[in-house]
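Peer 1: got a sequence here, can you build the structure:
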Amino acid sequence: MTVQDTPSSIDPKGGRPVVPTRGARRPLGLGEVRLTGGFWAALQQTNASATLDHCEEWMERLGWLANFDRVADATTAPDRPGWCFSDSEVYKLIEALAWEYGRSGDPSHDRAVRRLTARIARAQDADGYLNTCYGHTGQQPRYSDLESGHELYCTGHLLQAAVARLRTVGADELVDLARRAADHVCATFGPDGTPGICGHPEIELGLAEFGRALGESRYVDQAQLFLERRGHRTLKDIPLGRAYFQDDVPIRKAGTWRGHAVRALYLSAAAVDVAVERDDRDLLAAIERQWTNGVSRRTYLTGGMGSRHQDEGFGEDWELPPDRAYCETCAGVASIMVSWRLHLATGQVRYADLIERTFFNVIATSPSADGRAFFYANPLHQRTAGTAPGDAEVSPRAEGGSRAAWFDVSCCPTNVARTLATWHTYLATAGERDLTVLQYAGGRITAELGDGRTVELAVETAYPHDGLVTVRVVQAPKGPMALRLRVPAWADGAVLDEGGHRRSAAPGLAVVDRELVPGEEIRLHIPVSPRYTWPDPRIDAVRGSVAVERGPLVYCAESLDLPDGTGLDDLTVDATTQPVERQGRVLLRAFTRPRPGTDPAWPYGRTSASTTPDGTQSVELPLVPYHQWAERAPSAMRVWLPAGRLE
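Peer 2: Below you'll find the predicted structure:
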């Protein structure tokens, strides 16, 4: 690893969520990348104009914000509104507001940060402890339930909110109260304090980045201490087992991700942070190993993670049922957090491939078009159409089959909000003498390379709807540099065009290494025509099925597009024909056929599913991007469709 940055209290690049002090790549900040239009710019704008206010309105309505007032006014009671971790949603909202203010400069978002911070500050105890569920009149004592109380988890999100404020505005009241909270944690759980850990990893992430932002290593030390304590059966056992908390095996010895998916991924992200800060190559290698095994055997086609509802967790290898996929939106956010840190540490482009898949098919799937309803779980097969809850209702279920305005456990809306506010910081990274474009969106990049030279690029593209990416050099440094464009792993047949000189570009990185000329255009042609994707046969739940992808987008069939009297479970795709595009739609040739059972009361029979019995009917099957499903109305949906041959 080579040193790329040193921490400072105010980020000179205009704000970056992750700023390692060393690593193969340097992330770009809010001030170095500006989106000018397209898919992600639209989502960012909706997030800024609708989602942020939506989240604050719901928290006010439900009394989650007033919980801080009750602590400050000494009016707490056992009937506190919200789950014990509702404080964390307020902190994630503040983080999203802080990043959005750093991105757009909209003063309304700055005012919101100040308004919320003032209410929170009144609730902080003299010794720095800050929580509205424990430690006050009518409540359980502090840290009396480390397994499920989420106190340290909430503090971790507070610290991440303070990082966003610190790197976009500088030290203020939020940063000051976060420092007091972090000092309290170090005093309480440090080497000479209580040898405990939180049941939900997150404090480690907050401490590590807060320490980097302030240049104070003691916070990173505390994060490292929490990491090393985990896996030694410190927490009480529960019916789901200690793997639920990742407290069954030390993180350095774990072979893959297991247990609660969000917890596992937050823990891994923090481990990368600590590994980089301490130059701990063994710890970094452990997370790389877990990423490799988890992605190759425990990840859905969409990039979603978590196949079990009972613990919101990872199943065993190849346990990836589409209809029971949990794939929590927060797990998608956490997956990106891990992959981004691994990319910055190692420079490997495979991490950016997974980030793209997860962005388009998990993060973009969660919010509705108006930014005021969300998916919590993201199954790949909805057997029956869900029931859309009312706009004023709190959904008690994470897997209702329709986007909901708010959930009883509403961790996902605020997680999406903070991620979308910083989406463009994942677009590119800088090296000593190169700039690597990892994600494609229309915009402007102005970046300083590691050698101090500056390059400015304008990117024009309609990606993912079109695969042409045009990079125009606006300002170029003297002497050669490398412009590297990611070619997705699925993009066989990509072509790089330099002023009419065309050459094939294999998946990985297409590199232009020479002196760039202002005004010249470099074009990358990425094939985005629809294609079949086949599962590994060890994934029993979808063996014999096929999915369709187009560019980075996973597609699905919805019941809304079927002929009357036809259900999704009646269809088989004729895999001898290829998916086609017509008038902006992806179409498949499919067929319906009688079921093999001859007894309507018994779903089994002697007729093989591979034969074509009498009564078969051909059907033209339209597909929609998975991120758009249930947008028109509640529907049944399938990503994986049985494949056969129409004879």
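Peer 1: and what about Trp318, helix, strand or coil?
Peer 2: Using DSSP: H, G, I helix; E, B strand; the rest coil, the three-state assignment for Trp318 comes out as coil.
Peer 1: just the pLDDT for the closest residue to it other than its chain neighbours.
Peer 2: Closest residue to Trp318 in three dimensions, ignoring its sequence neighbours and counting by CB to CB, 6 or more residues apart in numbering: Arg538, at 4.4 Å. In short, each C-beta sits where N, CA and C put it, glycine included. At Arg538 the predicted local confidence, pLDDT, stands at 97.
Peer 1: Arg538: which element?
Peer 2: Take DSSP states H and E as the rule and Arg538 turns out to sit in neither a helix nor a strand.
Peer 1: any idea how far it lies from Trp64?
Peer 2: Spatial separation of Arg538 from Trp64 under the definition CB to CB, to the nearest Å is 44 Å.
Peer 1: residues contacting Arg167?
Peer 2: Contacts were defined as CB atoms under 8 Å, 6 or more residues apart in numbering; by that measure Arg167 touches Ile10, Asp11, Gly15, Arg16, Val19, Gly29, Gly102, Ala213.
Peer 1: mind giving me the ChimeraX command for buried ones among those?
Peer 2: What follows is the ChimeraX syntax for the buried subset of the contacts of Arg167, where burial is set by 16 or more other CB atoms under 10 Å:
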select :11,15,16,19,29,102,213
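Peer 1: out of the contacts of Arg167, who's nearest Val272?
Peer 2: The shortest separation between Val272 and any of the contacts of Arg167 is 13.1 Å, and it belongs to Val19 (by CB to CB).
Peer 1: if I read this right, the closest one contacts Leu214, doesn't it?
Peer 2: No. Here Val19 does not reach Leu214: they are 11.4 Å apart, not a contact under CB atoms under 8 Å.
Peer 1: mind checking which of the contacts of Arg167 are in helices?
Peer 2: Within these, membership in helices is found for Gly102, Ala213, as judged by DSSP state H.
Peer 1: hmm, back to that, quick one, which of Arg538 and Trp64 is more surrounded?
Peer 2: For Arg538 versus Trp64, the count of surrounding residues by other CB atoms under 10 Å is larger for Trp64: 22 against 11.
Peer 1: OK, contacts around that one?
Peer 2: For Trp64, the set of contacting residues under the criterion of CB under 8 Å, 6+ apart consists of Pro81, Gly82, Ser86, Asp87, Glu89, Val90.
Peer 1: state the helix or strand in which the fourth one lies.
Peer 2: When you say that, I think you mean Asp87. Counting by DSSP H and E, the element that carries Asp87 is helix 86-104.
Peer 1: CA atoms only: put that helix into CSV for me.
Peer 2: C-alpha atoms of helix 86-104 as CSV (Å, rounded to 0.1, in the frame of the first residue of the first chain):
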residue,chain,number,x,y,z
SER,A,86,-34.6,4.7,16.5
ASP,A,87,-31.9,7.3,17.4
SER,A,88,-29.8,5.8,14.7
GLU,A,89,-32.3,6.8,12.0
VAL,A,90,-32.1,10.4,13.1
TYR,A,91,-28.3,10.2,12.9
LYS,A,92,-28.4,8.7,9.4
LEU,A,93,-30.8,11.4,8.3
ILE,A,94,-28.4,14.0,9.6
GLU,A,95,-25.6,12.3,7.7
ALA,A,96,-27.6,12.4,4.5
LEU,A,97,-28.5,16.0,5.0
ALA,A,98,-24.9,16.9,5.7
TRP,A,99,-23.6,15.2,2.5
GLU,A,100,-26.5,16.7,0.5
TYR,A,101,-25.6,20.2,1.7
GLY,A,102,-22.0,19.5,0.8
ARG,A,103,-23.1,18.4,-2.7
SER,A,104,-25.7,21.0,-3.6
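Peer 1: so which elements touch that helix?
Peer 2: With contacts defined as 3 or more CB pairs under 8 Å, 6 or more residues apart in numbering; DSSP states H and E, helix 86-104 has these neighbours: helix 52-62, helix 66-72, helix 107-121, helix 151-168, helix 411-421.
Peer 1: columns distance to Glu620 on top of these, output as CSV?
Peer 2: Formatted as CSV, the entries for the helices and strands packed on helix 86-104 read as follows, by distance: least, CB to CB, whole Å:
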stretch, distance to Glu620
helix 52-62, 38
helix 66-72, 54
helix 107-121, 47
helix 151-168, 48
helix 411-421, 35
